[in-house]
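J.: what follows is a predicted protein model with its sequence.
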Amino acid sequence: MIKHLLLLAFCLSPLLLAAQPKGYKPVEDVAGFRQSYAKAAEQTTSIKSEFRQEKNLSMLSEKINSTGVFFFKKNNRVRMEYTQPYKYLLIINNSQILIQDQTKKKVYSSGDNKIFKAVNKVIVDCVQGRALDNKDFQSQVFENEKTYCLDLAPQVKEMKQLFTTIRITINKRDFSIDQLELKEAVGDNTIITFVNKQLNTPVADEVFSVK
């Protein structure tokens, strides 16, 4: 369950953090990037997007592919709905988190445990342009011609035990997230690619209902 939450989060170990992504160079003006990222996020009131997920299991040679839809709306509301090959729903509505699969549905409070609280903050910070301000992570920023690459290194023990890497690819045109690459401590790897993104289009509050 926590792993599904962190698929939205946008965690490199200190060892891996030194590795520069292929085809990228370090951003020289990190303060300028931080300012532009925060400004663009501040102007983003909603996001609607389709996504493709590729899961690579260390024990299997085959990849597991999934698709679904993603919604975000200010403030602190996120919906990630898997539609193929199975149905799975995650909703974050401020401090409440809904998890629903094909057999059960449960609502949690992010204040119930430290992991939920940390995950909730990471997700919202990344979507709203505050990822570099989160004291629970070390960060490095790289760029190529079309995108930025943001690496976050977790400083929280519980997060380090679950994951080694989340790499966020950010589109330079509108500072929206193109891709998340997540590496788990057990050796598995997940890549989520966001496509057909729509920014600042109407999204009903009911989309984020946890009832």
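T.: Yes, it's here.

J.: okay, now residue 103: neighbour count?
T.: Around residue 103 there are 5 other residues, counting by other Cβ atoms under 10 Å. Every residue, glycine included, has its C-beta placed from N, CA and C.

J.: can you show me the helices along the protein?
T.: Under the criterion DSSP state H, the chain contains helices at 2-6, 14-17, 30-42, 114-127, 157-162.

J.: lowest average confidence across those, which one?
T.: Mean pLDDT is lowest for helix 14-17 among those, at a mean of 36.

J.: gap between the two ends of stretch 53-63?
T.: Start to finish, the residues bounding stretch 53-63 are 10 Å apart (Cα to Cα, to the nearest Å).

J.: if you average the pLDDT over it, what comes out?
T.: Mean per-residue pLDDT for stretch 53-63: 82.

J.: for the chain, which spans come out with low pLDDT?
T.: For the chain, the stretches with pLDDT under 70 are 1-19, 111-128, 131.

J.: show me the strands in it, by range?
T.: 25-26, 46-56, 63-73, 77-84, 88-93, 96-100, 105-109, 137-143, 147-154, 163-171, 177-184, 189-199 (DSSP state E).

J.: got JSON lines for those, with distance to residue 129 and mean neighbour count too?
T.: Shown next, in JSON lines, are the strands of the chain (distance: least, Cβ to Cβ, whole Å; neighbours: other Cβ atoms under 10 Å):
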{"stretch": "strand 25-26", "distance to residue 129": "20", "mean neighbour count": "11"}
{"stretch": "strand 46-56", "distance to residue 129": "12", "mean neighbour count": "18"}
{"stretch": "strand 63-73", "distance to residue 129": "12", "mean neighbour count": "17"}
{"stretch": "strand 77-84", "distance to residue 129": "15", "mean neighbour count": "18"}
{"stretch": "strand 88-93", "distance to residue 129": "17", "mean neighbour count": "20"}
{"stretch": "strand 96-100", "distance to residue 129": "22", "mean neighbour count": "19"}
{"stretch": "strand 105-109", "distance to residue 129": "25", "mean neighbour count": "13"}
{"stretch": "strand 137-143", "distance to residue 129": "13", "mean neighbour count": "19"}
{"stretch": "strand 147-154", "distance to residue 129": "11", "mean neighbour count": "23"}
{"stretch": "strand 163-171", "distance to residue 129": "10", "mean neighbour count": "22"}
{"stretch": "strand 177-184", "distance to residue 129": "11", "mean neighbour count": "20"}
{"stretch": "strand 189-199", "distance to residue 129": "13", "mean neighbour count": "16"}
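
J.: pipe the ones you listed into CSV and attach distance to residue 37 per row.
T.: Converted to CSV, the strands of the chain look like this (distance: least, Cβ to Cβ, whole Å):
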stretch, distance to residue 37
strand 25-26, 16
strand 46-56, 15
strand 63-73, 15
strand 77-84, 18
strand 88-93, 21
strand 96-100, 25
strand 105-109, 29
strand 137-143, 9
strand 147-154, 8
strand 163-171, 7
strand 177-184, 11
strand 189-199, 14
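
J.: out of the ones you listed, the one nearest residue 209 is which?
T.: strand 88-93 (7.4 Å; Cβ to Cβ).
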